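In: for reference, the sequence and a predicted model appear below.
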Amino acid sequence: MKKNVQIKGTKDGISIFLSDKASFLELQQELSQLLADKKQNPYSGEKLEVQVQIGNRLFTEDEEMEISTIIHNNSQMKISAFYSNVMSKDDAKKWKERDQIFSMATIIRSGQVIQVPGDFLLIGDINPGGQVRSNGNVFVLGNIKGIIHAGFEGDKNAIVAGKFLYPSQVRIADKVYGFDNEEYKEVQDTDLFSAFVDNSGEIVIDEIHKIRKIRPEISNFQGGR
């Protein structure tokens, strides 16, 4: 039998390797035969999760479903995820957008909502009632009096930097921190601060230079003397 299908133990658990040189029909047949040869007595307990490595190819949703069905019906295993060495055009586009810094020089006025898929640099103010949403980090060179939502799709490692004034609100993933208390009303100006989610899972406001220690991956420039 060809070795287009192999089951191996790895540091991450059990993995099933499907050759990217074989046709999908060959993979189906060989996988079914391999599982039939290894099949044990009926098992009613919880199935063991396995990863499926498919190499330099992509499966359609229907093909993933067919492989999942073969494994589920003929073994004590179930698939936790498919892993490929390549990505679709849509995934590549999303990855590029997430890794990109979007910049804008303007004032975000009341009622305006600006949303970007990556990091966002705003040169200007966010007025009360204005809102910025970013899947990544948000950096504001101006006064923040509106709402900033960083890590909009759930990234708790996102940070916000800027001048936080009444009645601004910072959101990171599902966490919220407000500057709408009476104590902030009389504050006319502040230094630049950073906002991030700490190890306790809450938003913390701290000095701007703390960013490089809290999120060292943000600054990766090397050079100088």
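Out: Received, thanks.
In: for the rest of this, base every contact and every neighbour count on C-alpha atoms.
Out: Will do.
In: and the helices in this protein?
Out: Along the chain, counting by DSSP state H, helices occupy 24-38, 61-74, 89-98, 211-214.
In: just how off-centre is the second one within its chain?
Out: For helix 61-74, the gap between its own C-alpha mean and the chain's C-alpha mean amounts to 26 Å (CA atoms, centre = their mean, to the nearest Å).
In: which residues touch it?
Out: Helix 61-74 has contacts (CA atoms under 8 Å, 6 or more residues apart in numbering) with 28, 31, 32, 35, 36, 39, 77, 78, 79, 82.
In: make CSV from those residues and add pLDDT and distance to residue 170 to it.
Out: Shown next, in CSV, are the contacts of helix 61-74 (pLDDT from 0 to 100; distance: CA to CA, whole Å):
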residue, pLDDT, distance to residue 170
28, 92, 51
31, 92, 51
32, 91, 53
35, 89, 52
36, 86, 56
39, 69, 55
77, 88, 44
78, 88, 41
79, 90, 38
82, 89, 36
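In: how many residues are close by the closest residue to residue 161 other than its chain neighbours?
Out: In this structure, residue 161 finds its nearest non-sequential neighbour in residue 194, 4.3 Å apart by CA to CA, 6 or more residues apart in numbering. The tally of other residues near residue 194 (other CA atoms under 10 Å) stands at 20.
In: residue contacts, residue 194?
Out: Contacts of residue 194 by CA under 8 Å, 6+ apart are 159, 160, 161, 162, 205, 206, 207, 208, 210, 211.
In: of the residues you listed, buried ones?
Out: 159, 160, 161, 162, 205, 211 (16 or more other CA atoms under 10 Å).
In: filter those residues down to the ones in strands?
Out: 160, 161, 162, 205 (DSSP state E).
In: hmm, the last one is touching residue 192, no?
Out: Spelled out, that is residue 205. No: the criterion here is CA atoms under 8 Å, and residue 205 misses it with residue 192 at 10.3 Å.
In: any idea how far residue 164 is from the closest residue to residue 169 other than its chain neighbours?
Out: Computed as CA to CA, 6+ apart, the closest residue to residue 169 that is not its neighbour in sequence is residue 178, at 4.4 Å. Distance, residue 178 to residue 164, using CA to CA, to the nearest Å: 9 Å.
In: one more: residue 127?
Out: Counting by CA to CA - residue 127 and residue 164 are separated by 11 Å.
In: likewise for residue 140?
Out: For residue 140, the distance to residue 164 - CA to CA - is 10 Å.
In: so which of the two has more stuff around it?
Out: A direct count of neighbours by other CA under 10 Å for residue 140 and residue 164 places residue 164 higher, at 29 against 23.
In: just name the shakiest helix or strand of this protein by mean pLDDT.
Out: Lowest by mean pLDDT, DSSP states H and E among the helices and strands of the chain is helix 89-98, with a mean of 61.
In: need the pLDDT of residue 160.
Out: According to the prediction, residue 160 has pLDDT 96.
In: please tell me I have it right and it contacts residue 135.
Out: No: contact criterion CA under 8 Å: residue 160 and residue 135 do not qualify, at 11.6 Å.
In: residues contacting the residue nearest in space to the middle of the chain?
Out: Centroid-nearest residue in the chain, with CA atoms, centre = their mean: residue 155, separated by 5.9 Å. Residues counted as contacts of residue 155 (CA under 8 Å, 6+ apart) are 135, 136, 172, 173.
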